[in-house]
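A.B. asks: Based on what follows, work out the 3D shape:
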Amino acid sequence: MRKTLRRAVVSIALTIPLILGIGTGAAVAAPQTTLLQIPVVTGFQIAPGAVPGGLFQTIPMKATVGTEPGVLLLSAANVAPYADQYPYRSLGVSWRNWDIGFRGNVGLRHWQEDPDPGPPNDLPPLRGEQLPLEVALPTGSGWVEITVTHYRDYYYGEPYADTLIPGKGLIYVP
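C.D. replies: Residues are numbered from 1 along each chain as shown. A predicted model of the protein is given here:
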């Protein structure tokens with residue numbers, strides 16, 4: 001009898017909050033940020049077309065999951081201050097979800113905007129100037145492989161990969 005009474009009390013204690021709607025909200029995990037396992041290493045940088053930072057530059061990439069289901073936020077971990085050659089630089093991100101097969105490509109900027117832009121000229125903005133600092137990748141849930149490549153642009157030419165070691169990472173997206 002005691003065992004039956006105990007079960008009845010526990011059942012009522014668990015059922016009343018559900019009937020009243022207490023504690024029925026969806027569980028949301030806190031966003032988690034990590035660095036990709038392998039940072040991007042750029043090709044040889046030498047004047048006059050070089051950017052500050054040395055001959056070979058390392059660009060660590062930051063990935064954030066948990067802001068919303070199936071979405072990965074990606075950006076450079078250390079956004080570089082503006083230099084006049086940065087508008088000719090950009091990052092290309094390729095990603096693939098191993099579990100469901102989603103894949104895509106997107107461009108990304110790893111440097112700040114010009115804090116003191118000059119007067120407008122007749123030239124169109126460079127591709128790198130139009131790219132965002134952070135991208136939201138609609139990867140879906142599962143293991144996502146990310147590859148990041150560094151590009152150099154020219155006004156009248158196609159951008160070319162200027163990467164010594166591409167950035168790589170494997171991230172689980174909830």
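A.B. asks: tell me the centre residue of the protein?
C.D. replies: Centroid-nearest residue in the chain: Leu74, 0.5 Å away (criterion: CA atoms, centre = their mean).
A.B. asks: in its sheet, what does the helix or strand encompassing that one sit against?
C.D. replies: Following DSSP states H and E, one finds Leu74 within strand 72-76. Sheet pairing of strand 72-76 (DSSP bridges) gives strand 61-65 (antiparallel), strand 134-137 (antiparallel).
A.B. asks: Let me know the next secondary structure element after it.
C.D. replies: Downstream of strand 72-76 (by DSSP H and E), the next one is strand 89-97.
A.B. asks: Starting from that next one, tell me which strands it pairs with and how they run.
C.D. replies: Strand 89-97 has the following strand partners under DSSP bridges: strand 103-108 (antiparallel), strand 142-154 (antiparallel).
A.B. asks: ranking the ones you listed by burial, who's on top?
C.D. replies: Ranked by mean neighbour count, these are led by strand 142-154 with a mean of 19 (mean count of other CB atoms under 10 Å). The C-beta positions use only the backbone N, C-alpha and C, and glycine is treated the same way.
A.B. asks: could you dump that one to PDB, C-alpha only?
C.D. replies: The C-alpha trace of strand 142-154 is given here as PDB (Å, rounded to 0.1, in the frame of the first residue of the first chain):
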ATOM      1  CA  GLY A 142      25.900  16.900 -37.900                       C
ATOM      2  CA  TRP A 143      29.700  16.800 -38.400                       C
ATOM      3  CA  VAL A 144      30.700  19.700 -40.700                       C
ATOM      4  CA  GLU A 145      34.100  19.900 -42.400                       C
ATOM      5  CA  ILE A 146      35.400  23.400 -43.100                       C
ATOM      6  CA  THR A 147      38.200  24.500 -45.500                       C
ATOM      7  CA  VAL A 148      39.300  28.100 -45.600                       C
ATOM      8  CA  THR A 149      41.500  29.500 -48.400                       C
ATOM      9  CA  HIS A 150      43.100  32.900 -48.700                       C
ATOM     10  CA  TYR A 151      42.700  34.900 -51.900                       C
ATOM     11  CA  ARG A 152      44.400  37.900 -53.500                       C
ATOM     12  CA  ASP A 153      42.400  40.000 -56.000                       C
ATOM     13  CA  TYR A 154      43.300  42.400 -58.800                       C
END
